[in-house]
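Novice: Generate coordinates for the sequence data below:
(one chain, ligands or ions: 1)
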Amino acid sequence: MYTPGQTKQLQAQTQMFLSIPSIDKDDIETLRQVLRFHEYRYYIENDPIVADSEYDRLFKQLERIEAENPGLVSPSSPTQRVGSSLNQSFPTVQHLVPMLSLDNSYNAEDLIDFDRKARELTGVETIEYCIEPKFDGASISMIYENDLLTRAATRGDGVEGEEITANIKRVRSIPLSAPFSKFGVQQIEIRGEVLMTKAAFHKYNEGLAEQGLPPLANPRNAASGSLRIKDPAIVAKRNLEAFLYHISYYTTVPGFQLPASSLSERNEENTRNDNNPADITENSKLETGNSSLLSTHSGTIQLLWECGFRSPQKEKKLVRGIQGVIDYVKAFEQVRDDLPYEIDGLVIKVNDIALQDKMGMTTHHPRWAIAFKFKARQATTKLKAVEFQVGRTGAVTPVAKLEPVAVGGVTVGSISIHNEEYIKEKDLMIGDTVLIERAGDVIPQIVKSLPDVRTGEERHIQFPKQCPVCKSGLFKTEDEAVWRCINIECPAQVVERIIHFVSKDAMDIKSFGEANVRKFYDLGLLKDIPGIYALDFDAIGKLEGFGKKSIDNLLAAIEASKQQPLHRLIYALGIRFVGETTAKTVANAIHDVFELEHMNEEQLQQMEDIGVKVAQSIYTFFQNGENIKMLHQLKELGLQMYNLKRSVSTEATALQGQTFLFTGTLLKLKRSDAEAMAEKNGGKIVSGVSSKLNYLVVGEDAGSKLEKAKKINTVKIITEDEFLELMEAPDTAPTP
Ligand code: IVH
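Specialist: Sure, this is the predicted structure:
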């Protein structure tokens, strides 16, 4: 979409904008072009050329100019993705052309049959096919009028869907305006699939787990669920993507040069639903320069790409004759898992649109396309029993024991069914036939039970009243879905905490593993986390299977783990609601793990993305004397308790040891650069306002931190400029 010349120019413009503190309102259009360009590089090309923080800075400048000059706000401004109010409900709207489904094929015979019919219907000997992924997401249709996105809808029943425009505007890879007019198009309806990439899905499930919520079964459910969320701001956080692959309808600008149309027949056949204004010409063939892009499906894909959409331009494959299709789909199934998103097959489309029109459609699907479905990742099996396992936080989790079944190449015999609410929601009983799914590398999940095939022999799942391991009573708070064993010494919890501590994402003590933790614990060789660093290797050496080499490996792995970065240690502690992401946030906000012992919940909440629940959990953990004792033991055993990245320069200055905190938006400096500057001069960054704070550096729109600091007379409140002066001449700094 951007030529090398345009790219160079926009890049230069970006650098210019980044180098000045305040962009002038006269440059608003250029700034918007720059932002759209970076959105394109990021969301369509997957190849950003500015840092996220730099993009954010430019975006904030645009917000500022628009706030100061409301008359300059335009509906296609990048800012208009955000800020719209909550949807109260989703009105039903009619698609301009009904959204058909696809016929399915599963093997070479089905494809040969499809090709035979296609050749019969068209009279063409060898047909050219365009093959593209069958995206496994939620289908949408969108209307652009005069280049602006005016409406987006879910598929619904194919004729009518729900209007979800506000949510779709939060999908960054969907342009709010697209240059269709360049191709003579006034109104256009296009279709595609909204999906969550595997990475975004994992992150999303990680977030659910951190909140103690059960994960979603697959990215498709996550995408379709996200589209129907009432708050577009939450939709924005889901990191949805969209692929657009079909133009179902369009009208052209009056007076645009119109050659004879083949697409006109298609639109008539599709029985358009609404009235069309009289002064526009419908259904015309689109011209781009000399070649008509829309005479082929691959051209359609290219046109959408050129208009700034993420279409399968790079993924599509043109093949002549069905044997080439068969070879391609077979080979593709092998690399399916390498894609960053889920697909459930490939779609094979007759490439020539004139031939498509000749073939027409049934009431259910077009005759010119067929889906080739890959091996199902779903299977049905019997739920034979439920066992209850105690986790490291004492949560008692029901685990369904299944008749082992192969799904997507893996045999599944047990699946977590999370909690009582989940069991109720999925309507699960012992003896049920259940549908299970293993989407890519996602942990298998039960999609649903099949109550229609119940025999009457099924039994309800009974929750235990006592911990299945230590037999103490179980408790459940009102706001939680899980029952917990609150005996901190419960052997099951202790073992699970150690297993978590040594695990790959935590301290990554290779070759330790779950089996060894259990073995050493059962033999009395390991009773708590510090015990990992004081193992009796003479005793272990006498155990079967522990030769010199395996002991050396284990020793080396344990020793190496002492140098793991602080965020790994924080995650390894197994604090409730503190997953890897939160652990990194916490580690980045401190220098030394023991600082957490002196932070209150309010200070913890001032860390990025840390809410009440997480702050409370961290606070409780660090107020527990046993936990602090354990941390001191670990320190003595040689573990690294500092955030090395944040250690200060040793050069003494007048600012040595002075504490700094930044609040509000800094206009000249990036927050991280400002913090680094303060540290370089001997300062220390703290994360909350307290009497220990020396300097509060106040940017624009400072809030509660400023108010709080005003009440403490020892805190020196300075502007960004004053901070810069201080950094230039630290030795003249007044002691606050
Ligand atoms: S073409 C008339 N192409 O799969 C156009 N559909 O199971 C018909 N889908 O309803 C759709 N990827 O939601 C088409 N590359 C692709 C697709 C695709 C996913 C979805 C679409 C359709 C469903 C049928």
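
Novice: Which residues of the chain lie near the ligand?
Specialist: 100-102, 132, 134-135, 139, 193, 245-246, 347, 366, 369, 371 (Cβ under 6 Å from any ligand atom). All C-beta atoms are positioned from the backbone trio N, CA, C, and that covers glycine.

Novice: what's around Asp427, how many residues?
Specialist: Close neighbours of Asp427, defined as other Cβ atoms under 10 Å, add up to 12.

Novice: what about the strands in the stretch 601-736 of the chain?
Specialist: 659-663, 684-685, 695-698, 716-719 (DSSP state E, counting those that start in this stretch).

Novice: With respect to burial, which of these scores highest?
Specialist: Greatest average neighbour count among these goes to strand 695-698 (a mean of 24), per mean count of other Cβ atoms under 10 Å.

Novice: Show me what that strand is packed against.
Specialist: Judged by 3 or more Cβ pairs under 8 Å, 6 or more residues apart in numbering; DSSP states H and E, strand 695-698 is in contact with strand 659-663, helix 704-710, strand 716-719, helix 720-728.

Novice: Go again with 10 Å.
Specialist: strand 659-663, helix 671-680, helix 704-710, strand 716-719, helix 720-728 (3 or more Cβ pairs under 10 Å, 6 or more residues apart in numbering; DSSP states H and E).

Novice: Now the ones you listed in TSV, please, with extra columns for mean pLDDT.
Specialist: Converted to TSV, the helices and strands packed on strand 695-698 look like this (pLDDT from 0 to 100):
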stretch	mean pLDDT
strand 659-663	90
helix 671-680	81
helix 704-710	86
strand 716-719	90
helix 720-728	84
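
Novice: can I get these in JSON lines with distance to Leu543?
Specialist: Shown next, in JSON lines, are the helices and strands packed on strand 695-698 (distance: least, Cβ to Cβ, whole Å):
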{"stretch": "strand 659-663", "distance to Leu543": "51"}
{"stretch": "helix 671-680", "distance to Leu543": "48"}
{"stretch": "helix 704-710", "distance to Leu543": "55"}
{"stretch": "strand 716-719", "distance to Leu543": "61"}
{"stretch": "helix 720-728", "distance to Leu543": "59"}
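
Novice: To Glu63, which of these lies closest?
Specialist: Closest to Glu63 of the helices and strands packed on strand 695-698, according to Cβ to Cβ: helix 671-680, at 17.2 Å.

Novice: So for that closest one, what gets flagged as buried?
Specialist: 674-675, 677-679 (16 or more other Cβ atoms under 10 Å).

Novice: how about low-confidence regions in the stretch 351-500 of the chain?
Specialist: Scanning the stretch 351-500 of the chain for pLDDT under 70 picks out the ranges 439-441.

Novice: List the buried residues for stretch 707-722?
Specialist: For stretch 707-722, by 16+ other Cβ under 10 Å, it's 708-709, 715-718, 720.

Novice: Whichever residue of the stretch 1-150 of the chain sits closest to the ligand: how many residues sit nearby?
Specialist: The minimum distance from the stretch 1-150 of the chain to the ligand, using Cβ to the nearest ligand atom, falls at Ser139 (3.2 Å). If you count neighbours by other Cβ under 10 Å, Ser139 ends up with 20.

Novice: Contact partners for it?
Specialist: Contacts were defined as Cβ atoms under 10 Å, 6 or more residues apart in numbering; by that measure Ser139 touches 99, 101, 153-156, 158, 161, 191-194, 224, 245-246.

Novice: Could you look up the SS state of it?
Specialist: Three-state call for Ser139 (DSSP: H, G, I helix; E, B strand; the rest coil): strand.

Novice: Now do the same contact list for the residue sitting nearest the centre point of the chain.
Specialist: By Cα atoms, centre = their mean, the chain has its centre lying nearest to Ala200, at 2.1 Å. Contact analysis of Ala200 by Cβ under 10 Å, 6+ apart lists 219, 222-223, 237-241, 340-341.

Novice: let's see 7 Å
Specialist: Asn239 (Cβ atoms under 7 Å, 6 or more residues apart in numbering).

Novice: Surely Val329 and Lys373 touch.
Specialist: No. If you go by Cβ atoms under 7 Å, Val329 and Lys373 don't touch, sitting 9.9 Å apart.

Novice: So if I had to pick from the two, which one is more boxed in?
Specialist: Val329 (22 against 17).

Novice: Leaving aside the residues adjacent along the chain, what's closest to the more buried one?
Specialist: Take Val329 and drop its neighbours on the chain: the residue closest to it by Cβ to Cβ, 6 or more residues apart in numbering is Phe372, 4.8 Å away.

Novice: bridging residues for the one you found?
Specialist: Taking DSSP bridges, one obtains Ser105, Leu346 as the residues bridged to Phe372.

Novice: residues near the residue lying closest to Leu573 once chain neighbours are set aside, how many?
Specialist: Leaving aside its chain neighbours, Leu573 sits nearest to Phe621 (7.0 Å; criterion: Cβ to Cβ, 6+ apart). Around Phe621 there are 18 other residues, counting by other Cβ under 10 Å.

Novice: what's the answer for Phe372, then?
Specialist: Around Phe372 there are 27 residues (other Cβ under 10 Å).

Novice: I figured it was touching Ile343, is that so?
Specialist: No. The criterion here is Cβ under 7 Å, and Phe372 misses it with Ile343 at 10.6 Å.

Novice: which residues touch the residue of the stretch 351-500 of the chain found nearest the ligand?
Specialist: When distances are taken as Cβ to the nearest ligand atom, the stretch 351-500 of the chain reaches nearest to the ligand at Pro366, 4.8 Å away. For Pro366, the contact set (Cβ under 7 Å, 6+ apart) comprises Leu100.
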